[in-house]
Structure formats: C-alpha cells, structure tokens
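*Asks:* here is my input, please return the structure:
(3 chains)
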Amino acid sequence: MSELGRPLPQEFYARPADRLAPALLGTVLAVHSEQGTAMGRIVETEAYVGEEDLACHAAKGLTQRTTVLYGPAGTAYLYLIYGMYDLFNVVAAPEGVPHAVLIRAVELLQGPLNGARGDGPGRLTRALGIDRSLNGTSLLGPRLTIHPGRAPATITVTPRVGVAYAGAWADAKLRFLDADSRAVSRPSPRSIGRPG
DNA sequence: TTATCGATGGTA
DNA sequence: ACCATCGATAAA
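*Replies:* Okay, here's the model as predicted:
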C-alpha cells in the first residue's frame, strides 16, 4: 500500500490553468469508493484557459454544461465526449474564471482497472472507475483527492490534441507531458523513441 | 423539434 | 483512414 501525503489544498488549484497543468504532473489522483482506492500518477495534462480560448468549453460562455468551470478551483469537471468517453478535468483559477486542466494520461498505481489502461483521457477514467456522475465533486475529498508525488525530471510542451478547429488557439503550447513516462497518450515530438 | 459536432479510441 | 455513439448547443 503506497503512502499518500495530505491532499493538495484548495490554494494549489487557484491559479491559471496554464500554470496548474505542469504543476499537476507527477501528482497522484486517488478515487475512493466502497471497492477501495484506485490511484494513478498524472503524466500528461492540457490547459484550457477561459472564454477567450476557442478550444475551451467556456468559449460558449456560462451554460448548464460549463457551470462547474465557473465555480471554485479544486473541483472535478467531467463530461461525455463522442458519446462514449468520460473525460476528467480539474477546475482551476479563481471562482468566476472558467479555466480547467484536462488529465490525459496516468501511470496506473492501483486499480479497479476495468481492463482499461491509463494512457489516454478516455481510458484513464475507465481504469480509475470514474464517470460524469462525479461532475462537480470536490478534489479535497472524500470521494476524489489529488496528492503530492514524484515530479517529472523533464517536461515536454506541445500543442493540444484534437482542437484543430480552434483557430489560433489550436497551436498554443498548452499540453504538458512527463518526458520520461511511457504512459502518455500518444508519441510526443521530443520524448518519442527509445535510446539504443 | 431537429441538425451538427466533438478535449477519443478501436479497428482496417 | 473510417466510424461508433450521444449530450450540448444552436438554429428553426
């Protein structure tokens, strides 16, 4: 049983998503349920930085769907994509500022693992046993928590995945990866390949 | 009420 | 490269 430090405090989350996203690399997402605790070390994140960001859901403004983005930092934002996958995000920035960090990959430490892997935003939610019923849940516990972990030695920065429609924002370098992890969702320009 | 479109992943 | 699958949003 690995040791988890205290959950990251609310203040940790209350900063712009482009600064929170790299800070989350290496931290451990824990999902607590009757079954036990599922855990994964976060190795890939993307920042979505508010109403001006055409790739951010809040580009549509305040709607029923985006309500939690406008709420306090340190809240889970989960939504269904492509009719099939639940994607997990961390709400960032002060209340009223709709920033979020998408968690795209984890190194699985402890399961449910429903036969799923951790290398992909749709996969990790299945592997950790979370879905959109947890939308709006606090990351201060008791259901979901994030804990300090081993920070990456090197962070790779690239444009975000799947946002080609977002005009100038499609090219923004807002995706962050642990360059030494092999659990990332897809090859990255710098960390791809194996030495010798 | 209806049409369009995804912050994906599995298969060919 | 193609497509399964469905909720949110915008248009009508």
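
*Asks:* do the longest strand along chain A and DNA strand C meet?
*Replies:* The longest strand of chain A (DSSP state E) is strand A:36-49. No - judged by CB under 7 Å from any atom of the strand, strand A:36-49 makes no contact with DNA strand C; its nearest approach is 13.7 Å. The C-beta positions use only the backbone N, C-alpha and C, and glycine is treated the same way.

*Asks:* now that strand: mean pLDDT?
*Replies:* Strand A:36-49 shows a mean pLDDT of 96.

*Asks:* helices or strands up against that strand?
*Replies:* helix A:17-24, strand A:28-33, strand A:99-110, helix A:121-128, strand A:175-178 (3 or more CB pairs under 8 Å, 6 or more residues apart in numbering; DSSP states H and E).

*Asks:* up against DNA strand B, what does chain A have?
*Replies:* Close to DNA strand B, as judged by CB under 7 Å from any atom of the strand, chain A has residues A:46, A:48, A:55-57, A:77, A:80-85, A:87, A:89, A:100, A:102, A:116, A:120-124, A:160-163, A:165, A:185.

*Asks:* can the helix or strand following the longest strand of chain A be said to contact DNA strand C?
*Replies:* Toward the C-terminal end, the helix or strand that comes next after strand A:36-49 (DSSP states H and E) is strand A:76-81. Yes - shown here: strand A:76-81 in contact with DNA strand C (CB under 7 Å from any atom of the strand) through A:79, A:80.

*Asks:* show me what strand A:76-81 is packed against.
*Replies:* strand A:85-92.

*Asks:* do the strand it packs on and DNA strand C meet?
*Replies:* No - counting by CB under 7 Å from any atom of the strand, DNA strand C has no neighbours in strand A:85-92; the shortest distance is 8.5 Å.

*Asks:* tabulate the helices and strands packed on strand A:36-49 (TSV), appending mean neighbour count.
*Replies:* Conversion of these to TSV gives the following (neighbours: other CB atoms under 10 Å):
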stretch	mean neighbour count
helix A:17-24	22
strand A:28-33	20
strand A:99-110	24
helix A:121-128	23
strand A:175-178	26
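
*Asks:* quick one: closest of these to residue A:137.
*Replies:* Among those, the nearest to residue A:137 by CB to CB is strand A:28-33 (10.0 Å).

*Asks:* give me the sheet partners of the closest one and which way each runs.
*Replies:* Here strand A:28-33 is paired, per DSSP bridges, with strand A:36-49 (antiparallel), strand A:144-147 (antiparallel).
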